[in-house]
Each structure stands twice: as C-alpha cells, then as structure tokens.
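Chemist: no sequence on this one, just coordinates:
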C-alpha cells in the first residue's frame, strides 16, 4: 500500500502539472496573444492611433503587477514545463497517423522557436529602447521592421505564435475531454485551422501596417 502511494504521487503531480500547463497555454496566455495581436493591428490606422493606445495601456492602474502576475509568470511556467515535455515525450510514428505526428513535431518546434522569439521581441521593444533612451512607439516599430533581420524574425515568430496557439487549442480540447467523439474532434480541428488563419492574418496585418509606413 505504501509503495502504491509513493508511485501514484509523482504520477498525480505530473498529471495535474500537465493539465495546468495546457490550461495556462489557453488562459491567460492565449487570450493575451489574441488581444495583443488585435491591438497591434492599430498600426494599420497610423501613428497617432497606435501611439494613443500605448499611452492608454501604460496608464492603466496596476499595469506592472498585473502584467507580471497574469502574463509573465504563466509564460515562464508554460515555457519551462514545455521544455520538460519536449525532453520527455517522443512522437510515435507506429501508433499515430502521420498528420498527427507532424502536428506534434511542429508544436514542439514552434514552442522552442517561441522561447527564442519572445526574448528577441522583449529586447527589441523594451531593452533596446532603454539603452537608446527612447520609447516604444510607432516610429520605433517602423524602423525595426525595415531591418531585414528583424522583419524575418517577426515573420517567423508570428507564424510560430499562430500555429502554436491554434494547435494548442486542439490539444487542450482533446486533453480536457471537450471533444467526446470523432465528429467533435473534427470540428475542433477545423476551428483550430480557422484560428490559425485568423491569428496569422492579424499578426501579418500588424507587421504590414508598420512596414508599409
């Protein structure tokens, strides 16, 4: 009995950490990504409207502690646990169909890519502006996205964000039992494909707004 308890504890802990890992990827990270991309499409409306949104968001009460608590802590947890999942798990070509394994591999690759893209994004929008004694605004993003390297990084980064979140919704639905049948799984798959297109369109529209200015 004692041995069963010792064996079940790590399994139970791993199970709930996996559930939390999946949930955090959708709430709050997924919601934040959608809202972030939506607001960034303000670049299509020009400099004045985009800068006004930045001013309003920065003046929001308790913006710093809320950002740390609701966004950065979940992102750090999701990223670190994701590395553990990548190290532990391997695709099974004999048990699962090729398409499912392809999505599995791309999910892991996009996750690693985002662990590189997010620090690059922070550097470009926060750290670089600090050292240049400037501020993040429309003009800064226009200059950044006219740099070929930065533009390439953002194009790939947004692609990774869109796929990782859209496919993550599908994985979340399966893991949490939202889809109880094959028909339900197919519906969620179609929704995740639609979400991927929407997220990618929002991200690339934001980039176009800066690049075309």
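Modeler: On my side now, so go ahead. Everything numeric in this text was worked out from a predicted model, so none of it was measured.

Chemist: Every contact and neighbour count from this point should use C-alpha atoms.
Modeler: Noted.

Chemist: So for the spatially most central residue of the chain, what's the nearest residue that isn't a sequence neighbour?
Modeler: Closest residue to the average C-alpha location of the chain: residue 161 at 4.6 Å, with CA atoms, centre = their mean. The spatial neighbour of residue 161 that comes closest, neighbours along the chain excluded (CA to CA, 6 or more residues apart in numbering), is residue 114 at 7.0 Å.

Chemist: burial count for that neighbour?
Modeler: If you count neighbours by other CA atoms under 10 Å, residue 114 ends up with 21.

Chemist: now residue 183
Modeler: Residue 183, neighbours per other CA under 10 Å, totals 10.

Chemist: The residue nearest to residue 161 contacts residue 160, correct?
Modeler: Yes. Here residue 114 reaches residue 160: they are 6.6 Å apart, a contact under CA atoms under 8 Å.

Chemist: May I have the predicted confidence score for residue 185?
Modeler: Note for residue 185: predicted pLDDT of 88.

Chemist: Pull out the buried positions in the top helix by length along the chain.
Modeler: Criterion DSSP state H: the longest helix present in the chain is helix 182-211. Using 16 or more other CA atoms under 10 Å as the test for burial, helix 182-211 gives 185, 188-189, 191-193, 195-197, 199-211.

Chemist: Let me see the contact set for residue 44.
Modeler: Taking CA atoms under 8 Å, 6 or more residues apart in numbering, we find residue 44 in contact with 205, 206, 208, 209, 210.

Chemist: Turn those residues into a markdown table, columns for pLDDT and distance to residue 20.
Modeler: Output for the contacts of residue 44, formatted as a markdown table (pLDDT from 0 to 100; distance: CA to CA, whole Å):
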| residue | pLDDT | distance to residue 20 |
| --- | --- | --- |
| 205 | 98 | 32 |
| 206 | 98 | 31 |
| 208 | 98 | 35 |
| 209 | 98 | 36 |
| 210 | 98 | 36 |
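
Chemist: lowest-pLDDT helix or strand in this structure?
Modeler: Averaged element by element with mean pLDDT, DSSP states H and E, the chain has its least confident helix or strand at helix 2-26 (a mean of 75).

Chemist: Of all pairs in the contacts of residue 44, which one spans the longest distance?
Modeler: Using CA to CA, the contacts of residue 44 reach their maximum pairwise distance at 205 and 210, which is 8.9 Å.

Chemist: thinking again about what came up before, would you convert the contacts of residue 44 into TSV that also reports distance to residue 18?
Modeler: Formatted as TSV, those follow (distance: CA to CA, whole Å):
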residue	distance to residue 18
205	34
206	33
208	37
209	38
210	38
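
Chemist: Now do the same contact list for residue 81.
Modeler: By CA under 8 Å, 6+ apart, the contact set of residue 81 is residue 21.

Chemist: Pull out the buried positions in the host helix or strand of residue 154.
Modeler: Using DSSP states H and E, residue 154 sits in helix 148-175. Within helix 148-175, the residues that count as buried by 16+ other CA under 10 Å are 150, 153-174.
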